[in-house]
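Participant: Okay, here's the prediction I keep looking at, along with the sequence it came from:
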Amino acid sequence: MKTRRPFLLAAALGALALPLLGRAATTPAAQPNIVIIFTDDQGWADVGCFGAKGFTTPNLDGLAREGCRFTNFHVAQAVCSASRAGLLTGCYPNRIGIHGALGPNARHGIGPGEMTLAELVKQRGYATGAAGKWHLGHLPPYLPTRHGFDEWLGLPYSNDMWPLHPEAKPGTYPPLPLYENESIKIREVGHAEQSQLTTWYTERAVQFIEKNKDRPFFFYLAHNMPHVPLHVSDKFKGKSARGLYGDVIEEIDWSVGEVVKALERCGVAQNTWIIFTSDNGPWLSYGDHAGSVGPLREGKGTAWDGGTRTPCIMRWPGKIPAGTESKAPLMTIDLLPTIAGRIGAQPPAHTIDGLDCWPLIAGVPGAKNPHEAYYCYYENNQLQAVWDGRWKLQLPHTYRTLGGRPGGQGGLPVKYEQRKLEVAELYDLDADIGETQNVAAAHPDVVARLEALAEKGRVELGDSLTKREGRGVRPAPTVPGENPKPKAKRVVRAGINVIYAD
């Protein structure tokens, strides 16, 4: 396998201060279709070509053989809503007021002034569709169809936010609804329906491709799995040696294969850019119902690489070199401006944080990441780490860990313990991917440089740990009032009791 190695990061931190410039227009014939497949809580080592054990992913491995495997790809924040906000807007989620994971009772969501990937590509005449988890606000102003998507089938938030989850306390959550655009198609998604979500989302993706094969299109396939509670259809139940978690991943891999086959059947595979990644690392406290980070440290909900570094594979025949591996640092916030550059769309006039990283993705010799640094926020706007691709400075903060203990079994988690970094710690990720050796004392110059960059981040984005207000943040809007409670009627479909909204 060919290997592309990263180059030192060089350019100024333009994303924290200036809006991006527009790109030259491209001809319609050159516009690629774009498919983003975004899984939920899938660990860095949960793909065959990333070292998975106990299950196989032949379709994802095939994508890697025909494209590039990115081993240093990160999300903007290691938790559901914030991660999705970064992917879809090109902004650090805290810049636009999205922190953590929005619950069913949240009254805020993605703002009407933010430009999503769907709104970006519609400038160039793209059809846009989505299937799966949204989690950027469940009230009407925040739904996908208000933010550039022509159609959507999916859940408004995480699949564990429902009364039947083993951890749910009585009255904690309302029934979990399945939306079709802005209508509730199934009011109460229970165990039987959850086992069909991966199949339903895949079928919707295939239908969308078939319907729009004669025009440029963008489809966002955001699987709920493998977020707990795990569910899998009968066609994959008991198939893997890894148990239910492995079964779930093998069904996701099947889904990827169905999408690829649809692209090939419709004759558009050669001009389609496929991007596969996960929204954050695994929820390690769930043990045998959680994934693996391999050699990385910690998992979901932390600023360690096990939380933010996710498996990423991209394929675009003739544009992304086949059979390659890239260790170049990249983040989901870079996708929006990079896509804008490829299709000739105008990025938003307001400040975003991502930068066009196409030369890295395309494997251009000597390409350098244009960021001076990336920032790792978590919790309520806590700046927890800053890294430049090689060096990572973990700033003083409290984080959760299992401390070497095993996670839970059968869908029930064990409790995390809290640990606090009293002083900043420095890690050389090139030599120590597992963040095991603090080398701050040996490299005071690197520490000083990254601390100065952290201060730039605080000025622009704020930092609750140091009680700083960012000058460049745009608070998320809030809708007053109570959550709607749609009336429903129970019907039977295919032998399954389903509650449909009136």
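Facilitator: Great, that's in hand.

Participant: And the strands in the stretch 51-200 of the chain?
Facilitator: Secondary structure of the stretch 51-200 of the chain (DSSP state E, counting those that start in this stretch): strands at 68-70, 73-74, 127-132, 151-154, 178-180, 183-186.

Participant: now those in JSON lines, with mean neighbour count, mean pLDDT and distance to Ala322?
Facilitator: Bear in mind the C-beta positions are built from the backbone N, C-alpha and C, glycine included. JSON lines is the format used below for the strands of the stretch 51-200 of the chain (neighbours: other CB atoms under 10 Å; pLDDT from 0 to 100; distance: least, CB to CB, whole Å):
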{"stretch": "strand 68-70", "mean neighbour count": "26", "mean pLDDT": "98", "distance to Ala322": "8"}
{"stretch": "strand 73-74", "mean neighbour count": "26", "mean pLDDT": "98", "distance to Ala322": "18"}
{"stretch": "strand 127-132", "mean neighbour count": "26", "mean pLDDT": "98", "distance to Ala322": "27"}
{"stretch": "strand 151-154", "mean neighbour count": "22", "mean pLDDT": "98", "distance to Ala322": "32"}
{"stretch": "strand 178-180", "mean neighbour count": "19", "mean pLDDT": "98", "distance to Ala322": "38"}
{"stretch": "strand 183-186", "mean neighbour count": "17", "mean pLDDT": "96", "distance to Ala322": "40"}
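
Participant: from memory Thr308 sits against Val75, does it?
Facilitator: Yes - using CB atoms under 8 Å, Thr308 is in contact with Val75, at 5.5 Å.

Participant: Name the residues contacting each of those two.
Facilitator: Common neighbours of Thr308 and Val75 are listed as Asn280 (criterion: CB atoms under 8 Å, 6 or more residues apart in numbering).

Participant: Of all the strands of the stretch 51-200 of the chain, which one comes closest to Gly457?
Facilitator: Nearest of the strands of the stretch 51-200 of the chain to Gly457, taken as CB to CB: strand 73-74 at 15.3 Å.

Participant: Next up, the contacts around Phe73.
Facilitator: Residues near Phe73 by CB under 8 Å, 6+ apart: 277, 309-312, 330-332.

Participant: ok, now how distant is it from Lys415?
Facilitator: According to CB to CB, to the nearest Å, Phe73 and Lys415 sit 30 Å apart.

Participant: and what of Gln42?
Facilitator: In terms of CB to CB, Gln42 sits 23 Å off from Lys415.

Participant: Then Phe38?
Facilitator: Applying CB to CB to Phe38 and Lys415 gives a distance of 29 Å.

Participant: In terms of neighbours, single out the busier of the two.
Facilitator: Phe38 (24 against 10; other CB atoms under 10 Å).

Participant: Could you measure from that one over to Pro317?
Facilitator: Distance from Phe38 to Pro317, by CB to CB: 22 Å.

Participant: Report the contact partners of the residue nearest to Asp432 when sequence neighbours are not counted.
Facilitator: Take Asp432 and drop its neighbours on the chain: the residue closest to it by CB to CB, 6 or more residues apart in numbering is Val439, 7.9 Å away. By CB under 8 Å, 6+ apart, the contact set of Val439 is 426-428, 432.

Participant: Just the buried residues from the residues you listed, in ChimeraX please.
Facilitator: Buried subset of these, written as a ChimeraX selection, criterion 16 or more other CB atoms under 10 Å:
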select :426,427,428
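
Participant: Show me the two of the contacts of Val439 that sit farthest apart.
Facilitator: Leu426 and Asp432 (10.2 Å).

Participant: ok, the most centrally placed residue in the chain to Thr332 distance?
Facilitator: Nearest to the geometric centre of the chain sits Asp279, at 2.7 Å (CA atoms, centre = their mean). Distance, Asp279 to Thr332, by CB to CB: 9 Å.

Participant: ok, so what distance separates Trp44 from Lys368?
Facilitator: Counting by CB to CB, the separation of Trp44 from Lys368 is 24 Å.

Participant: One more: Gln77?
Facilitator: 25 Å.

Participant: Of these two, which one has the most company?
Facilitator: Gln77 (31 against 17).

Participant: quick one: low-confidence ranges for the stretch 251-400 of the chain?
Facilitator: The stretch 251-400 of the chain contains no residues with pLDDT under 70.

Participant: all strands for it, in order.
Facilitator: 272-278, 312-315, 324-326, 330-331, 374-378, 382-387, 391-394, 398-401.

Participant: Format these as a markdown table; extra columns: distance to Pro141.
Facilitator: Putting the strands of the stretch 251-400 of the chain into a markdown table (distance: least, CB to CB, whole Å) gives the following:
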| stretch | distance to Pro141 |
| --- | --- |
| strand 272-278 | 27 |
| strand 312-315 | 31 |
| strand 324-326 | 38 |
| strand 330-331 | 27 |
| strand 374-378 | 25 |
| strand 382-387 | 28 |
| strand 391-394 | 37 |
| strand 398-401 | 33 |
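
Participant: okay if I get those strands as a markdown table plus distance to Gly100 and mean neighbour count?
Facilitator: Converted to a markdown table, the strands of the stretch 251-400 of the chain look like this (distance: least, CB to CB, whole Å; neighbours: other CB atoms under 10 Å):
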| stretch | distance to Gly100 | mean neighbour count |
| --- | --- | --- |
| strand 272-278 | 17 | 25 |
| strand 312-315 | 23 | 25 |
| strand 324-326 | 30 | 19 |
| strand 330-331 | 18 | 25 |
| strand 374-378 | 8 | 27 |
| strand 382-387 | 11 | 25 |
| strand 391-394 | 20 | 23 |
| strand 398-401 | 13 | 18 |
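
Participant: Alright, that wraps it up for me.
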